[in-house]
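>>> return a 3D structure for these sequence lines:
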Amino acid sequence: MPLFREQKQMTLVAMAAGVGAAEGASILYYMIVPWFLLPGQRSLYSSLACNLLLITLVNKLVRTYWSVRTWKDAIMLSTWLSLCYAAIHAPYVITWWNPMSYTYLAGPIAHTLLQLSAMTVALWYINTKR
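Residues are numbered from 1 along each chain as shown. Next comes the predicted model:
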């Protein structure tokens, strides 16, 4: 008897695992980096809501446009999405009068890459390793 009767149930489990992996990666990220956030500076509820929206979009992207066959494909998808985020976020951070402003972009991009990698690898792993 299979554990999951329908593909929809499997997708929901994969998406829940992706959100959990992304949130765990975020908590570890902010514990390790020197610019960590103190408790209460990052809302868990809004983070979970945003991660649910993000995993829904990533799942739609994976099912419609970008096939993920290996974990390397998942990392490549995460890298491209992080580069898109960098292109959108850079004008708000980088200034011409501060040459160090480029370094202010590295933290959010690294966090985005880590979260997206956790999500896409979790989706790939649960959907392919039955």
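
>>> find the nearest non-adjacent residue to H111, please.
Excluding the flanking residues, the one nearest H111 by C-beta to C-beta, 6 or more residues apart in numbering is Y29, at 5.6 Å. Yep, even glycine has a C-beta here, placed from its N, CA and C like the rest.

>>> ok, now how distant is that neighbour from L113?
According to C-beta to C-beta, to the nearest Å, Y29 and L113 sit 10 Å apart.

>>> over to S67?
For S67 relative to L113 (C-beta to C-beta), the value is 20 Å.

>>> of those two, give the one with the bigger neighbour count.
Legend: neighbour count by other C-beta atoms under 10 Å for S67 and L113, higher for L113 (19 against 9).

>>> now name the helix or strand holding the residue lying closest to that one once chain neighbours are set aside.
Once flanking residues are discounted, L113 sits nearest to S82: 4.2 Å by C-beta to C-beta, 6+ apart. Element membership for S82, per DSSP states H and E: helix 71-93.

>>> between the helix or strand following that helix and helix 71-93, how big is the angle?
Using DSSP H and E, the helix or strand that directly follows helix 71-93 along the chain is helix 101-128. For helix 101-128 against helix 71-93, the angle by axes from the mean of the first three to the mean of the last three C-alpha atoms, to 10 degrees is 150 degrees.

>>> report the distance from helix 101-128 to the chain centre.
How far helix 101-128 lies from its chain's middle: 4 Å, per C-alpha atoms, centre = their mean, to the nearest Å.

>>> buried ones in it?
Residues 105, 108-109, 111-124, 126-127 are the ones in helix 101-128 that count as buried (16 or more other C-beta atoms under 10 Å).

>>> please apply the same query to stretch 16-29.
Here stretch 16-29 shows 17-23, 25-26, 29 as buried, counting by 16+ other C-beta under 10 Å.

>>> so which of those residues is the closest to D73?
Comparing those against D73 with C-beta to C-beta places G18 closest, at 15.1 Å.

>>> where's the closest one, which helix or strand?
Secondary structure from DSSP H and E places G18 in helix 7-32.

>>> who are the packing partners of that helix?
Contact here means 3 or more C-beta pairs under 8 Å, 6 or more residues apart in numbering; DSSP states H and E; on that basis helix 7-32 packs against helix 44-64, helix 101-128.
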